[in-house]
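K.L.:
Sequence and predicted structure, then a few things I'm wondering about:
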Amino acid sequence: MPRPIIAITIGKQNYARMFNQRAWDALAAFADVLHHPGNDPATKKELIAILANADACITSWDVAQIDADVLDAAPRLRALAHMGGSVKRFVSDAVWTRGMRVTTAGPALARDVAETTLGLMIVGAKRIAQLGQHIRDGGWRESKWFPSRELHSSIVGIIGASNVGRTVIELLQPFNVKQILIYDPFLSGADARALGAIKVELDDLLKQSAIVSLHAPDKPETRRMIGARQLALMKDDAMIINTARGTLIDT
């Protein structure tokens, strides 16, 4: 049986950041690899050239969309593995019409982002950055940042039941937080309870939470979803963490 041909389209400048030797060895063990020769991610014209004989491709940020023109030039292409999270910008109706298999690194990336979020919750609640600066300025115990706060007595609000949002809820379970609230218009109350959270409206989440963590996608309807009115609803000492997209907050 012939070995599949996999085209890597992400651009060579991204290799060191996106691949390690174990990944290269795993690919070489079962497939022949084609490399897009450019340093930058492949354009549409470059995709048409490199995918002509490929059975699968690996994409990442800034690679051109796999549209009907690209697929017409790639009759053997049957699978796409995306090294980022969402594939919305990279796939087209033609991909689904062909019945291609599409996979994404979203779940793997989600745990890394969720762990970062949990870390920010802990150091934020403990006010570690502020207390550290206080000590560097010559202070000691007496400070407006003392005493610190604890996760177990806090209400945590999660905005967006994405892969990351769900993983944050999972990671919070051993901390026995007082309550986890979640806002997501596409999540049912029953599904929220199954995750270990309570579904609420956005305003209620902002009013009640000591920690608010954003995990919504960047879409027209979510851009600047947190603005002056929403921030005014929050407690004066509440903390907001955005490990999603900068466009969600009107700075």
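P.N.:
Cool, got the structure. The model shown is predicted, which means the values in this text are computed figures rather than measured ones.
K.L.:
C-alpha from now on. contacts and neighbour counts both.
P.N.:
Noted.
K.L.:
Might you calculate how far stretch 67-86 sits from the centre of the chain?
P.N.:
22 Å (Cα atoms, centre = their mean, to the nearest Å).
K.L.:
Who are the contact partners of G85?
P.N.:
Applying Cα atoms under 8 Å, 6 or more residues apart in numbering to G85 gives the contacts T104, A105, G106, P107, L109.
K.L.:
any idea how far R127 is from the third one?
P.N.:
Looking back up the chat, that one is G106. 30 Å (Cα to Cα, to the nearest Å).
K.L.:
ditto for T243
P.N.:
Counting by Cα to Cα, the gap from T243 to R127 is 18 Å.
K.L.:
Could I get the full set of helices for the stretch 151-251 of the chain?
P.N.:
Assigned by DSSP state H, counting those that start in this stretch, the helices in the stretch 151-251 of the chain fall at 163-172, 189-195, 202-208, 228-233.
K.L.:
burial of the nearest residue to L233 once chain neighbours are set aside, as a residue count?
P.N.:
Excluding its sequence neighbours, the residue lying closest to L233 (Cα to Cα, 6 or more residues apart in numbering) is K207, at 5.3 Å. Using other Cα atoms under 10 Å, K207 is surrounded by 17 other residues.
K.L.:
same deal with F90?
P.N.:
Neighbours around F90, by other Cα under 10 Å: 18.
K.L.:
Which strand or helix spans it?
P.N.:
Using DSSP states H and E, F90 sits within no helix or strand.
K.L.:
is it true that it touches V70?
P.N.:
No. Contact criterion Cα atoms under 8 Å: F90 and V70 do not qualify, at 11.5 Å.
K.L.:
Make a markdown table from the helices of the stretch 151-251 of the chain and add distance to K45 to it.
P.N.:
What follows is the helices of the stretch 151-251 of the chain, written out as a markdown table (distance: least, Cα to Cα, whole Å):
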| stretch | distance to K45 |
| --- | --- |
| helix 163-172 | 33 |
| helix 189-195 | 44 |
| helix 202-208 | 44 |
| helix 228-233 | 44 |
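K.L.:
Looking at those, which is nearest to A52?
P.N.:
Closest of the helices of the stretch 151-251 of the chain to A52 is helix 163-172, at 33.6 Å (criterion: Cα to Cα).
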